[in-house]
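# Sequence and predicted structure, then a few things I'm wondering about:
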Amino acid sequence: MQIKNKTVVRSMDILNLFLTYPKLSFNEIVQISGIPKTSVYRMVMSLEEMGFLEKDKDGRYVLGLLFLQFGQLVAERLDIRQVALPVMQKLHEEVGEAVNLIVQKGREAIYIEKLDTKQPVRLYTGVGRRSPLYAGACSRVILSFLPEEEREQYLEEIELHPIASGTITNKEKLRLLLEESQRTGYAVSHSELADHTSAIAAPIFDYKGQIIGGISIAGLSVNYQPEALPSLAEKVKKAALEISRKYGYVQ
(Lines give C-alpha, C1' and ligand atoms only; values in the text may rest on other atoms or scores of the structure.)
Protein backbone atom coordinates (compact mmCIF):
# COMPACT_ATOMS: atom_id res chain seq x y z
CA MET A 1 0.00 0.00 0.00
CA GLN A 2 1.36 3.40 -0.95
CA ILE A 3 1.34 5.92 1.89
CA LYS A 4 1.60 9.62 1.08
CA ASN A 5 2.25 12.35 3.58
CA LYS A 6 -0.67 14.78 3.32
CA THR A 7 1.45 17.88 4.00
CA VAL A 8 4.03 16.90 1.39
CA VAL A 9 1.31 16.23 -1.20
CA ARG A 10 -0.34 19.58 -0.52
CA SER A 11 3.01 21.37 -0.68
CA MET A 12 3.56 19.80 -4.09
CA ASP A 13 0.08 20.95 -5.11
CA ILE A 14 1.14 24.51 -4.29
CA LEU A 15 4.43 24.22 -6.17
CA ASN A 16 2.63 22.71 -9.17
CA LEU A 17 0.57 25.90 -9.45
CA PHE A 18 3.74 27.65 -10.61
CA LEU A 19 3.92 25.38 -13.66
CA THR A 20 0.94 27.39 -14.92
CA TYR A 21 1.31 30.72 -13.13
CA PRO A 22 4.71 32.49 -13.05
CA LYS A 23 3.70 34.66 -10.07
CA LEU A 24 1.01 34.31 -7.40
CA SER A 25 -0.03 36.31 -4.37
CA PHE A 26 -0.82 34.52 -1.13
CA ASN A 27 -4.56 34.99 -1.66
CA GLU A 28 -4.32 33.69 -5.23
CA ILE A 29 -2.59 30.54 -3.96
CA VAL A 30 -5.40 30.00 -1.45
CA GLN A 31 -8.10 30.63 -4.04
CA ILE A 32 -6.65 28.49 -6.83
CA SER A 33 -5.45 25.60 -4.66
CA GLY A 34 -8.60 25.30 -2.57
CA ILE A 35 -6.44 24.52 0.47
CA PRO A 36 -7.45 26.15 3.77
CA LYS A 37 -5.77 29.51 4.37
CA THR A 38 -4.02 28.48 7.59
CA SER A 39 -2.55 25.40 5.91
CA VAL A 40 -1.39 27.43 2.92
CA TYR A 41 0.27 29.93 5.25
CA ARG A 42 2.28 27.24 7.06
CA MET A 43 3.34 25.51 3.88
CA VAL A 44 4.23 28.68 1.99
CA MET A 45 6.32 29.90 4.91
CA SER A 46 8.17 26.58 5.00
CA LEU A 47 8.69 26.52 1.23
CA GLU A 48 10.00 30.08 1.33
CA GLU A 49 12.35 29.31 4.20
CA MET A 50 13.78 26.31 2.35
CA GLY A 51 14.28 28.29 -0.85
CA PHE A 52 11.60 26.66 -2.97
CA LEU A 53 9.61 29.90 -3.13
CA GLU A 54 10.70 33.53 -3.13
CA LYS A 55 8.93 36.89 -3.09
CA ASP A 56 9.43 39.34 -5.91
CA LYS A 57 9.58 43.13 -5.48
CA ASP A 58 5.77 43.31 -5.48
CA GLY A 59 5.42 40.71 -2.73
CA ARG A 60 4.15 37.97 -5.05
CA TYR A 61 5.56 34.46 -4.86
CA VAL A 62 7.74 32.96 -7.57
CA LEU A 63 9.74 29.74 -7.75
CA GLY A 64 13.05 30.03 -5.92
CA LEU A 65 16.53 29.78 -7.41
CA LEU A 66 16.89 26.42 -5.71
CA PHE A 67 14.89 24.93 -8.57
CA LEU A 68 17.43 26.30 -11.04
CA GLN A 69 20.21 24.54 -9.14
CA PHE A 70 18.28 21.27 -9.07
CA GLY A 71 17.37 21.65 -12.75
CA GLN A 72 20.98 22.19 -13.74
CA LEU A 73 22.12 19.14 -11.79
CA VAL A 74 19.44 16.96 -13.34
CA ALA A 75 20.31 18.14 -16.85
CA GLU A 76 24.04 17.57 -16.28
CA ARG A 77 23.45 14.04 -15.00
CA LEU A 78 21.14 12.92 -17.77
CA ASP A 79 22.67 10.67 -20.41
CA ILE A 80 21.14 11.90 -23.64
CA ARG A 81 21.33 8.42 -25.16
CA GLN A 82 19.29 6.90 -22.37
CA VAL A 83 16.81 9.76 -22.50
CA ALA A 84 16.44 9.69 -26.28
CA LEU A 85 16.44 5.94 -26.97
CA PRO A 86 12.77 5.21 -26.07
CA VAL A 87 11.68 8.13 -28.26
CA MET A 88 13.96 6.96 -31.06
CA GLN A 89 12.49 3.46 -30.86
CA LYS A 90 8.96 4.83 -31.13
CA LEU A 91 9.92 6.96 -34.14
CA HIS A 92 11.67 3.98 -35.70
CA GLU A 93 8.49 1.92 -35.45
CA GLU A 94 6.49 4.73 -37.04
CA VAL A 95 8.67 5.41 -40.07
CA GLY A 96 10.76 2.26 -40.56
CA GLU A 97 13.80 4.34 -41.46
CA ALA A 98 17.16 4.67 -39.72
CA VAL A 99 16.99 6.95 -36.69
CA ASN A 100 20.11 8.81 -35.58
CA LEU A 101 21.06 10.79 -32.49
CA ILE A 102 23.83 13.30 -32.91
CA VAL A 103 25.68 15.83 -30.74
CA GLN A 104 28.23 18.52 -31.43
CA LYS A 105 31.92 17.86 -30.87
CA GLY A 106 33.92 20.96 -31.67
CA ARG A 107 33.35 21.82 -35.33
CA GLU A 108 31.94 18.40 -36.10
CA ALA A 109 28.87 16.38 -35.29
CA ILE A 110 29.21 12.86 -33.93
CA TYR A 111 26.61 10.11 -34.15
CA ILE A 112 26.19 8.63 -30.67
CA GLU A 113 23.17 6.35 -31.18
CA LYS A 114 21.50 4.72 -34.16
CA LEU A 115 18.62 2.42 -34.96
CA ASP A 116 19.07 0.81 -38.38
CA THR A 117 16.61 1.11 -41.21
CA LYS A 118 14.23 -1.77 -41.77
CA GLN A 119 15.13 -1.60 -45.45
CA PRO A 120 17.81 -4.01 -46.77
CA VAL A 121 20.33 -1.24 -47.48
CA ARG A 122 23.43 0.03 -45.74
CA LEU A 123 23.46 3.76 -44.95
CA TYR A 124 26.38 6.10 -44.41
CA THR A 125 25.74 6.66 -40.70
CA GLY A 126 27.06 4.65 -37.78
CA VAL A 127 27.76 5.20 -34.10
CA GLY A 128 31.01 7.10 -33.76
CA ARG A 129 30.94 8.55 -37.25
CA ARG A 130 31.73 12.26 -37.51
CA SER A 131 30.62 14.79 -40.07
CA PRO A 132 31.21 18.52 -40.51
CA LEU A 133 28.45 20.75 -39.17
CA TYR A 134 27.61 22.02 -42.66
CA ALA A 135 26.93 18.59 -44.19
CA GLY A 136 23.85 16.43 -43.64
CA ALA A 137 20.51 17.33 -42.08
CA CYS A 138 21.38 16.28 -38.54
CA SER A 139 24.68 18.12 -38.48
CA ARG A 140 23.24 21.21 -40.13
CA VAL A 141 20.26 21.44 -37.78
CA ILE A 142 22.73 21.79 -34.91
CA LEU A 143 24.57 24.53 -36.80
CA SER A 144 21.24 26.27 -37.49
CA PHE A 145 20.46 26.70 -33.81
CA LEU A 146 23.88 27.57 -32.44
CA PRO A 147 24.19 31.08 -30.94
CA GLU A 148 24.45 33.58 -33.78
CA GLU A 149 27.99 34.69 -32.96
CA GLU A 150 29.28 31.12 -32.82
CA ARG A 151 27.45 30.21 -36.03
CA GLU A 152 28.79 33.22 -37.93
CA GLN A 153 32.34 32.60 -36.79
CA TYR A 154 32.05 29.03 -38.01
CA LEU A 155 30.70 30.15 -41.38
CA GLU A 156 33.47 32.70 -41.83
CA GLU A 157 36.27 30.30 -41.01
CA ILE A 158 35.13 26.96 -42.45
CA GLU A 159 35.95 25.68 -45.93
CA LEU A 160 33.09 23.76 -47.52
CA HIS A 161 34.51 20.59 -49.07
CA PRO A 162 32.32 18.23 -51.12
CA ILE A 163 31.64 14.86 -49.52
CA ALA A 164 28.96 13.55 -51.88
CA SER A 165 27.17 14.91 -54.95
CA GLY A 166 24.70 16.98 -52.92
CA THR A 167 27.05 18.50 -50.34
CA ILE A 168 26.46 22.24 -49.93
CA THR A 169 29.65 24.03 -50.95
CA ASN A 170 28.29 27.55 -51.41
CA LYS A 171 28.17 29.64 -48.24
CA GLU A 172 25.29 31.84 -49.35
CA LYS A 173 23.17 28.78 -50.12
CA LEU A 174 24.19 27.32 -46.77
CA ARG A 175 23.11 30.47 -44.97
CA LEU A 176 19.72 30.35 -46.68
CA LEU A 177 19.25 26.74 -45.60
CA LEU A 178 20.19 27.61 -42.02
CA GLU A 179 17.64 30.43 -42.01
CA GLU A 180 15.00 28.10 -43.41
CA SER A 181 15.68 25.57 -40.64
CA GLN A 182 15.32 28.30 -38.03
CA ARG A 183 11.88 29.13 -39.47
CA THR A 184 10.60 25.59 -39.95
CA GLY A 185 12.28 23.81 -37.04
CA TYR A 186 13.87 21.08 -39.15
CA ALA A 187 16.48 20.41 -41.84
CA VAL A 188 16.41 18.21 -44.94
CA SER A 189 19.39 16.86 -46.86
CA HIS A 190 19.73 14.93 -50.12
CA SER A 191 22.97 13.15 -51.08
CA GLU A 192 25.09 15.36 -48.81
CA LEU A 193 27.03 12.62 -47.02
CA ALA A 194 26.34 9.72 -49.39
CA ASP A 195 24.72 9.65 -52.80
CA HIS A 196 21.09 8.59 -53.16
CA THR A 197 20.34 8.99 -49.45
CA SER A 198 18.26 11.62 -47.67
CA ALA A 199 17.59 12.70 -44.10
CA ILE A 200 15.29 14.90 -42.04
CA ALA A 201 16.48 16.25 -38.68
CA ALA A 202 15.16 18.35 -35.82
CA PRO A 203 16.97 20.04 -32.92
CA ILE A 204 17.02 18.95 -29.28
CA PHE A 205 17.12 21.74 -26.68
CA ASP A 206 17.80 21.86 -22.94
CA TYR A 207 15.92 23.80 -20.25
CA LYS A 208 17.82 26.97 -21.19
CA GLY A 209 16.69 26.70 -24.80
CA GLN A 210 20.22 25.86 -25.94
CA ILE A 211 20.87 23.28 -28.65
CA ILE A 212 22.28 20.03 -27.21
CA GLY A 213 21.79 17.62 -30.10
CA GLY A 214 19.70 16.53 -33.01
CA ILE A 215 17.60 13.57 -34.06
CA SER A 216 17.13 12.47 -37.65
CA ILE A 217 15.58 9.84 -39.83
CA ALA A 218 17.54 8.73 -42.89
CA GLY A 219 17.10 6.38 -45.82
CA LEU A 220 17.04 6.08 -49.57
CA SER A 221 16.16 9.31 -51.37
CA VAL A 222 13.24 7.61 -53.10
CA ASN A 223 11.45 7.61 -49.74
CA TYR A 224 11.96 11.36 -49.26
CA GLN A 225 10.09 12.81 -52.21
CA PRO A 226 8.52 16.29 -51.74
CA GLU A 227 5.03 14.93 -51.02
CA ALA A 228 6.33 12.77 -48.15
CA LEU A 229 8.46 15.42 -46.43
CA PRO A 230 5.82 17.36 -44.44
CA SER A 231 4.48 14.27 -42.65
CA LEU A 232 7.95 12.87 -41.95
CA ALA A 233 9.21 16.25 -40.75
CA GLU A 234 6.35 16.56 -38.25
CA LYS A 235 7.16 13.13 -36.83
CA VAL A 236 10.83 14.02 -36.38
CA LYS A 237 9.98 17.41 -34.82
CA LYS A 238 7.57 15.73 -32.41
CA ALA A 239 10.25 13.25 -31.34
CA ALA A 240 12.83 16.02 -30.87
CA LEU A 241 10.38 18.05 -28.77
CA GLU A 242 9.60 15.02 -26.61
CA ILE A 243 13.29 14.56 -25.85
CA SER A 244 13.76 18.29 -25.28
CA ARG A 245 10.93 18.34 -22.75
CA LYS A 246 12.69 15.64 -20.75
CA TYR A 247 15.47 18.21 -20.37
CA GLY A 248 13.04 20.85 -19.12
CA TYR A 249 12.64 22.67 -22.41
CA VAL A 250 9.48 24.75 -22.70
CA GLN A 251 8.47 25.67 -26.25
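Ah, there it is.

# what stretches of this structure score poorly on pLDDT?
Residues of the chain meeting the criterion pLDDT under 70: 1-4, 68-69, 71-78, 118-126.

# Show me it divided up by domain.
The record, using automatic domain parsing to delimit domains, assigns the chain the ranges 6-74, 78-246.

# Mean neighbour count, the ones you listed: which tops it?
Greatest average neighbour count among the domains of the chain goes to domain 78-246 (a mean of 18), per mean count of other CB atoms under 10 Å. The way it works is simple: take the backbone N, C-alpha and C, and place the C-beta from them, glycine included.

# Assumed E156 was part of a strand.
No - under DSSP: H, G, I helix; E, B strand; the rest coil, E156 sits outside any strand and is assigned helix.

# Against L174, how distant is it?
12 Å (CB to CB, to the nearest Å).

# same thing with I35?
Plainly put, I35 is 56 Å away from L174 if you go by CB to CB.

# cool, and D206?
Taking CB to CB, one finds D206 at 25 Å from L174.

# which residue ranges form the helices in the stretch 101-250 of the chain?
137-144, 148-157, 171-184, 229-246 (DSSP state H, counting those that start in this stretch).

# Could you check the angle the last one makes with helix 171-184?
Right, the one you point to is helix 229-246. Taking axes from the mean of the first three to the mean of the last three CA atoms, to 10 degrees, helix 229-246 and helix 171-184 form an angle of 70 degrees between their directions.

# Distance from the chain centre to helix 229-246, please.
Per CA atoms, centre = their mean, to the nearest Å, the displacement of helix 229-246 from the mean C-alpha position of its chain is 9 Å.
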